[in-house]
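Asker: what's the 3D shape of this:
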Amino acid sequence: MLPFPAIKRVIASQFSAAEPVLLLHYLSQRFSYLDPAGWHEQLKLERLLINGSPAKAEQWLRPGDQIEFMPRTLPEPAVSWKLEQLFDDERLLVLHKPANLPCHPSGAFFNHTLWAWLKQIKKMPKPYICNRLDRESSGLLIVAKNKACARLIGEALQKPDTLRVYRVLVHGCFPSSLEAQGWLLSDTHSSVRKKMRFVACKQGKPEENAKWVHTSLQCLDYDAERDVSDLQAILHSGRTHQIRATLCSLGYPVLGDKLYGLDEGCFLRFAQGKLSTEDEKILQWPRQALHAWKIKLQLADQTTPCCFEASLPEEWPP
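Answerer: The predicted model follows:
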C-alpha cells in the first residue's frame, strides 16, 4: 500500500522540428510503443495536452509546442517502506534504506520508489540522492536537499580519505583479507548486457572503456556448515556493481545475487517472472546480501567529518 498520495505521471516533450507535423504522425514515430490507433485512443481519453490544452487528432504541431502525456496508472510491484531516518537537518537527510526499494523511477516502478517518498513525505521538490543503492541492497543513503549540498557531497565522495564500508555475504571460504585492485569491464561472455567483470591487474588499461577499481576485503566470519563468509568491503573507488562484480570474478559470488551469483540465468528468469523454487535454493537468500554499513566523509565547509552507520538487517546472521 502506498503510504502517500500518488504522484501523477507526466511525460513531457518539446516539438523542435523546423516544419509543422500532424500530431498523430509525430506521436507514432517519436513514441512507437503505441501505434496511430493507440494514440488516437489516448487523445479521446484526453491524456494528451498541447501547450496546456487538450490535444486533438487533427492538430498540427508547430516548433516550440509543449506536449504532455499522462499515461494510465498501472499497478506497481510491492516494495518495502521500512525507512529509518538517521539524520535530518536543513540541507541533508541520511536514511537507512531497506532492501526491495528502488531509488529512482525505472521500468515498472514510479511511485514505489525512494524518489517519490522523498517528494511526498519529506516534501523535497528536487531530492538529490548522492550514493545510489540497487533496489535489492540495503543500508546508508545520503540525500541532499539542494544543489549546493549535493555538490559538496559529490566532491567529498571523490576524496581518497572518504570511508565507505559495506557488509556482504558470499559463497565459499574467503581469505582473511584481500586487496582487489584492477579493472572493471564489460563481461562479453554474458548474455546480460549490463553485466561487468573484474580483472586483477595493476598494468595499463586492458580496453578503452575499462574502469579502475580498488576494494579492500576482510573476512569477519565463516559459517562452515553453510559455506558462507561474512565480509567487510571498503571501497576506494565507486563504480557501478564494483563489489558484486569483483567478488563474482574472484570466485566468491554474493548470496542472493541474481546477476553475479552462482547462475546468471536466475536474473533472466526473474526478469520474466519465472524464478523457480530451484532458483531460490541456488540463491540461498531472498535478495542480494549487500549492505551499505558505514560512511565517513569530510564536507569542504565543515571542520569535523560526518560519520553515519546503518545497523545490519534483522535477517543478517549474528
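Asker: what mean pLDDT does the longest strand along the chain have?
Answerer: What stands out as the longest strand in the chain, according to DSSP state E, is strand 211-223. In this model, strand 211-223 has a mean pLDDT of 97.
Asker: Need the contact partners of the very next helix or strand once past that strand.
Answerer: Downstream of strand 211-223, the next assigned helix or strand under DSSP states H and E is strand 228-235. In this structure, residues lying in contact with strand 228-235 by CB atoms under 8 Å, 6 or more residues apart in numbering are 163-174, 214-223, 242-243, 247, 252, 255, 284, 293, 317. Any C-beta I mention is one placed from the backbone N, CA and C, and that applies to glycine too.
Asker: now do 7 Å
Answerer: 163-174, 215-222, 242-243, 252, 255, 317 (CB atoms under 7 Å, 6 or more residues apart in numbering).
Asker: same for the helix or strand hosting Ala116, what does it pack against?
Answerer: Secondary structure assignment for Ala116, by DSSP H and E: helix 114-120. The helices and strands touching helix 114-120, judged by 3 or more CB pairs under 7 Å, 6 or more residues apart in numbering; DSSP states H and E, number zero.
Asker: how does it look with 8 Å?
Answerer: strand 92-97, strand 128-129 (3 or more CB pairs under 8 Å, 6 or more residues apart in numbering; DSSP states H and E).
Asker: my read: Thr73 touches Val10, true?
Answerer: No - contact criterion CB atoms under 8 Å: Thr73 and Val10 do not qualify, at 11.7 Å.
Asker: what sits up against stretch 53-68?
Answerer: Against stretch 53-68 from outside (CB under 8 Å, 6+ apart): 10-18, 20-24, 26, 40, 43, 46, 48-52.
Asker: right, and Gly154 touches Ile129 too?
Answerer: No - shown here, Gly154 and Ile129 do not form a contact pair, counting by CB under 8 Å, at 11.3 Å.
Asker: of those two, who's got more company?
Answerer: Counting neighbours by other CB atoms under 10 Å for Gly154 and for Ile129 shows that Ile129 has the greater number, 20 against 13.
Asker: List the contacts of Ala78.
Answerer: Asn100, His112.
Asker: any chance you could read off phi and psi for it?
Answerer: Note on Ala78: its backbone torsions stand at phi -60, psi 150 [degrees, to the nearest 10].
Asker: gap between it and Leu24?
Answerer: Ala78 sits 37 Å away from Leu24 when distances are taken as CB to CB, to the nearest Å.
Asker: Then Trp293?
Answerer: Counting by CB to CB, the gap from Trp293 to Leu24 is 53 Å.
Asker: Check for me that Leu247 belongs to a helix.
Answerer: Yes - using DSSP: H, G, I helix; E, B strand; the rest coil, the assignment for Leu247 is a helix.
Asker: Could you verify my assumption that it touches Val170?
Answerer: Yes - between Leu247 and Val170 there is a contact under CB under 8 Å: 5.6 Å.
Asker: which residues are common contacts for the two?
Answerer: With CB under 8 Å, 6+ apart as the test, Leu247 and Val170 both reach Leu231, Pro253, Val254.
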